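Peer 1: sequence below, structure please.
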Amino acid sequence: ATCIHGKKYSFTLLYIGDNHANLLEHDEIFLTADGQVEYATAGGYPRIKRALDLLRREAGGRSKTLTIDSGDIVQGGAVVQATRGEAVVEPQNSLRVDAAIVGNWEVLYGPQRLQELATKFKFTTRREGGFTPVKT
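Peer 2: The predicted model follows:
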């Protein structure tokens, strides 16, 4: 909960990051706490969207949540690389992220391409000097 102008507000913070343009679910190798190797399904925008939608419902609706993405969105599989990040724009927008931070991989295609992609994402991007609203 937080107070703004003396009024108390409660919300649920949802955090995602390092999607690395994994458009589809895939098997991933994980190490357990005791050092064992475990295989599990990871990634995939449809899977992430289902999880976010469920968490938003449990929190009382989207207006009761703030979803933040820590970046590393546009680097990953061959399709995304061949389109210089374009192929991930719609799947990312489907997640309805409220704010994102530019990750270290977002500069992969150069600063000009980063600016082009930033205008296509439907959230506020973080850059030096503050948040810059992006067309929604």
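Peer 1: just checking, what packs against the longest helix seen in the chain?
Peer 2: Selection of the longest helix in the chain by residue count, based on DSSP state H, yields helix 45-59. Contact analysis of helix 45-59 by 3 or more Cβ pairs under 8 Å, 6 or more residues apart in numbering; DSSP states H and E lists strand 12-16, strand 65-69, helix 89-94 as its packing neighbours. In this view, the C-beta of every residue, glycine as well, is placed from N, C-alpha and C.
Peer 1: now the element after the last one, going C-ward?
Peer 2: In the C-terminal direction, the helix or strand that comes right after helix 89-94 (DSSP states H and E) is strand 99-101.
Peer 1: in that following strand, what counts as buried?
Peer 2: A100 (16 or more other Cβ atoms under 10 Å).
Peer 1: so how far is that strand from its chain's centroid?
Peer 2: Offset of strand 99-101 from its chain centre (Cα atoms, centre = their mean, to the nearest Å): 8 Å.
Peer 1: strands paired with that strand, and their directions?
Peer 2: Here strand 99-101 is paired, per DSSP bridges, with strand 65-69 (parallel), strand 124-127 (parallel).
Peer 1: could you point out the helix or strand that follows it?
Peer 2: Helices and strands here follow DSSP H and E; after strand 99-101, the next one along the chain is helix 111-118.
Peer 1: with adjacent residues omitted, what lies nearest to the residue most central in space within the chain?
Peer 2: Nearest to the mean C-alpha position of the chain, counting by Cα atoms, centre = their mean, stands D69 at 3.6 Å. Once flanking residues are discounted, D69 sits nearest to A100: 4.1 Å by Cβ to Cβ, 6 or more residues apart in numbering.
Peer 1: what angle do the longest helix of the chain and strand 65-69 make?
Peer 2: 150 degrees (axes from the mean of the first three to the mean of the last three Cα atoms, to 10 degrees).
Peer 1: quick check: mean pLDDT of helix 45-59?
Peer 2: The average pLDDT within helix 45-59 is 96.
Peer 1: before we move on, the earlier item: the residue nearest to D69 and K122 touch, don't they?
Peer 2: No. Using Cβ atoms under 8 Å, A100 makes no contact with K122, being 10.1 Å away.
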